[in-house]
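Participant: mind looking at a prediction? Sequence and model below.
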Amino acid sequence: MFDNLTERLGKVLTNLRGQGRLSEENIKDTMREVRMALLEADVALPVVRDFVEQVKQKASGEAVMKSLTPGQTLIKIVNDELVKVMGEANESLDLAAQPPAVILMAGLQGSGKTTSVAKLSLWLQQQGKKKISVVSCDVYRPAAIEQLQTLAKEVNAEFIPSAGDQKPVDIARRALNEAKRSFTEVLIIDTAGRLHVDEQMMDEIKQLHQAVDPVETLFVVDSMTGQDAANTAKAFNEALPLTGVILTKADGDARGGAALSIRQITGKPIKFIGVGEKIDALEAFHPDRIASRILGMGDVLSLVEEVTRKVDQDKAAKLAKKLQKGKRFNLEDFKEQMLQMANMGGIGGLLDKLPGMGNLPDHVKNQVNDKEIGRLIAIINSMTPHERDFPAVIKGSRKRRIANGSGTQVQDVNKLLKQFTQMQKMMKKMKGGGMKKMMRGMGGNFPGGGMPPGGGGGFPF
């Protein structure tokens, strides 16, 4: 996520860290580089101008010039300004209304509206234990209603049926009445998208807004459209009283222009960010955490929240108990760790949140991927229960059989066994001094050989 921007800003700020003192000249050079990095990230020009001007003014202040670590101080100014541009703090949904609280979703076709309805339904159930109903007012695309019905079933949300021959306003009113009857706490209404902003579309969504009086009107926009996303959001905001934005497909956005432009151009907060195709790949948007990721400092808070939410706590406790009793960590346990990681969105989503990942060489980043997890799981699946419990018995002929059974090479089996041995050693350290000792002793143990800076490695749970 935002890899290009992270890389460019990372180089600029690394050069600053070692500076004993700052001069007008090197501040000027730095800000020129920062300006180019933001423009290349497709951040809107007015936002870039304001950002650079604000940083320059603060960097030229006496506190920075006289600081013992002026480079670090300037980095903090850049970080604070990134946070300010994106909206200071997370703005949560305001659902304080007589149930059902209505959320109206708006956006262009292909922006990920229908999927975002399902993701938001799941998020609200997990976070607020809410009873959710969903309805589609997209009568122009028959598949949209079916798609929402399928997704609603997947996330256990109540689906209110609608049909292509009905009027959107009638659908919305009927859905509201049904939601009241079934004691639904939140009703999420999916609306029709168009390929571009047009008068007919705007009139229809205005009528829908008037009919249901939503507490939240969220604009769903594809972050990969860069500053166009901000401009489209502005057009919608002029027609509708938007309360916030959901930024989708951020995991595929190497630039970050939308995240940095939307708040300043529309005045509306980004409330959620979509970080993958999975139905649980939706995060509350925290400007301070995103700024930290952009500057390569990771996002440990979001990582901890994700581990708490997605890791099977019973299985984790069972493994911890097993190790404390002095029992061996075996290949079945190793496989379970990898399945848990896949459940958390894979290695890509994990690395994005770990500090210093921007400093990893490209060849290491390319090795550390989710296909590698799949390959390792396939190799373990090709072993007998005895081999998984006693890996020492896996010699020449067994390795060939396992490689053939998993569609891999013998060297892949060797690599897995080496990584497992490292992991096994690490797990032994849990017995003597708990997690802290284990964290200190971790070696490079990511599938593919990747290793976080400072000697960190292994799996985080």
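Facilitator: Cool, got the structure.

Participant: switch to C-alpha atoms for all contacts and neighbour counts from now on
Facilitator: OK.

Participant: worst-scoring helix or strand of this protein, pLDDT-wise?
Facilitator: helix 362-367 (a mean of 51; mean pLDDT, DSSP states H and E).

Participant: C-terminal to it, what's the next element?
Facilitator: helix 370-381 (DSSP states H and E).

Participant: other SSEs contacting that next one?
Facilitator: Helices and strands touching helix 370-381, by 3 or more C-alpha pairs under 8 Å, 6 or more residues apart in numbering; DSSP states H and E, are helix 331-343, helix 346-353, helix 396-406.

Participant: in it, what's buried?
Facilitator: Residues of helix 370-381 classed as buried: 370, 373, 375-381 (neighbour count, 16 or more other C-alpha atoms under 10 Å).

Participant: buried stuff in whichever helix or strand comes after it?
Facilitator: Once the chain leaves helix 370-381, the next helix or strand it forms, by DSSP H and E, is helix 385-389. Going by neighbour count (16+ other C-alpha under 10 Å), the buried part of helix 385-389 is 387-389.

Participant: is it true that Val52 touches Met31?
Facilitator: Yes. Shown here, Val52 and Met31 form a contact pair, counting by C-alpha atoms under 8 Å, at 6.4 Å.

Participant: which residues touch Phe334?
Facilitator: Neighbouring residues of Phe334 by C-alpha atoms under 8 Å, 6 or more residues apart in numbering: 420, 423.

Participant: ok, Leu93 touching Pro214?
Facilitator: No. Contact criterion C-alpha under 8 Å: Leu93 and Pro214 do not qualify, at 11.8 Å.

Participant: so which strand or helix has Lys58?
Facilitator: With DSSP H and E as the criterion, Lys58 is inside helix 45-59.

Participant: so how far is Ser136 from the residue most central in space within the chain?
Facilitator: Nearest to the geometric centre of the chain sits Val275, at 3.5 Å (C-alpha atoms, centre = their mean). Relative to Ser136, Val275 is positioned 23 Å away (C-alpha to C-alpha, to the nearest Å).

Participant: ok, Gly107 next?
Facilitator: 13 Å.

Participant: what touches both of the two?
Facilitator: Thr191.

Participant: am I right that Met105 is in a helix?
Facilitator: No. Applying DSSP: H, G, I helix; E, B strand; the rest coil, one finds Met105 to be strand, outside a helix.

Participant: tell me the contacts of it?
Facilitator: So Met105 contacts 113, 117, 188-191, 217-220 (C-alpha under 8 Å, 6+ apart).

Participant: can you pick the most crowded of the residues you listed?
Facilitator: Val220 (29 neighbours; other C-alpha atoms under 10 Å).

Participant: quick one: buried residues of the helix or strand harbouring Ala229?
Facilitator: Taking DSSP H and E as the criterion, Ala229 maps to helix 227-239. Using 16+ other C-alpha under 10 Å as the test for burial, helix 227-239 gives 227-234, 236-237.

Participant: now these as TSV including pLDDT and distance to Val43?
Facilitator: As requested, the buried residues of helix 227-239 are exported to TSV (pLDDT from 0 to 100; distance: C-alpha to C-alpha, whole Å):
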residue	pLDDT	distance to Val43
Gln227	69	6
Asp228	75	10
Ala229	77	10
Ala230	76	9
Asn231	77	11
Thr232	80	14
Ala233	81	14
Lys234	80	15
Phe236	81	19
Asn237	81	19
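
Participant: can you redo those residues as CSV with distance to Arg398?
Facilitator: What follows is the buried residues of helix 227-239, written out as CSV (distance: C-alpha to C-alpha, whole Å):
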residue, distance to Arg398
Gln227, 56
Asp228, 56
Ala229, 55
Ala230, 57
Asn231, 60
Thr232, 59
Ala233, 59
Lys234, 63
Phe236, 62
Asn237, 64
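
Participant: about what we covered before: mean pLDDT lowest for which of the helices and strands packed on helix 370-381?
Facilitator: Looking over the helices and strands packed on helix 370-381, mean pLDDT reaches its minimum on helix 346-353, with a mean of 56.

Participant: show me what contacts Lys28?
Facilitator: Lys28 touches Lys56, counting by C-alpha under 8 Å, 6+ apart.

Participant: what segments of the stretch 101-250 of the chain are strands?
Facilitator: Using DSSP state E, counting those that start in this stretch, the strands of the stretch 101-250 of the chain run over 101-106, 132-136, 158-160, 186-190, 216-222, 244-248.

Participant: so what does the longest one touch, helix or strand wise?
Facilitator: Counting contacts by 3+ C-alpha pairs under 8 Å, 6+ apart, strand 216-222 is packed against strand 101-106, helix 227-239, strand 244-248.

Participant: centre of the chain to the last one, how far?
Facilitator: Which is strand 244-248. 12 Å (C-alpha atoms, centre = their mean, to the nearest Å).

Participant: mind giving me the packing neighbours of it?
Facilitator: Applying 3+ C-alpha pairs under 8 Å, 6+ apart, one finds that strand 244-248 makes contact with strand 216-222, strand 270-274.

Participant: partners of that strand, with directions?
Facilitator: strand 216-222 (parallel), strand 270-274 (parallel) (DSSP bridges).

Participant: quick one, the longest one and strand 186-190 angle?
Facilitator: Angle, strand 216-222 to strand 186-190, by axes from the mean of the first three to the mean of the last three C-alpha atoms, to 10 degrees: 40 degrees.

Participant: tell me, how many residues neighbour Pro168?
Facilitator: 23.

Participant: check contacts around it.
Facilitator: So Pro168 contacts 137-139, 204, 208 (C-alpha under 8 Å, 6+ apart).

Participant: hmm, try it at 7 Å
Facilitator: Pro168 is in contact with 137, 139, counting by C-alpha atoms under 7 Å, 6 or more residues apart in numbering.

Participant: that one and Met201, how far apart?
Facilitator: Taking C-alpha to C-alpha, one finds Pro168 at 11 Å from Met201.

Participant: one step back: let's have the helices and strands packed on strand 216-222 in JSON lines, adding distance to Val413.
Facilitator: As requested, the helices and strands packed on strand 216-222 are exported to JSON lines (distance: least, C-alpha to C-alpha, whole Å):
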{"stretch": "strand 101-106", "distance to Val413": "49"}
{"stretch": "helix 227-239", "distance to Val413": "46"}
{"stretch": "strand 244-248", "distance to Val413": "38"}
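
Participant: looking at the ones you listed, which is nearest to Gln422?
Facilitator: Taking C-alpha to C-alpha, strand 244-248 is the member of the helices and strands packed on strand 216-222 nearest to Gln422, at 37.7 Å.

Participant: give me the nearest residue to Lys268, chain neighbours excluded.
Facilitator: Distances taken as C-alpha to C-alpha, 6 or more residues apart in numbering put Gly244 closest to Lys268, at 5.3 Å, once the chain neighbours are dropped.

Participant: that neighbour: neighbouring residues, count only.
Facilitator: Count around Gly244 with other C-alpha under 10 Å applied: 24.
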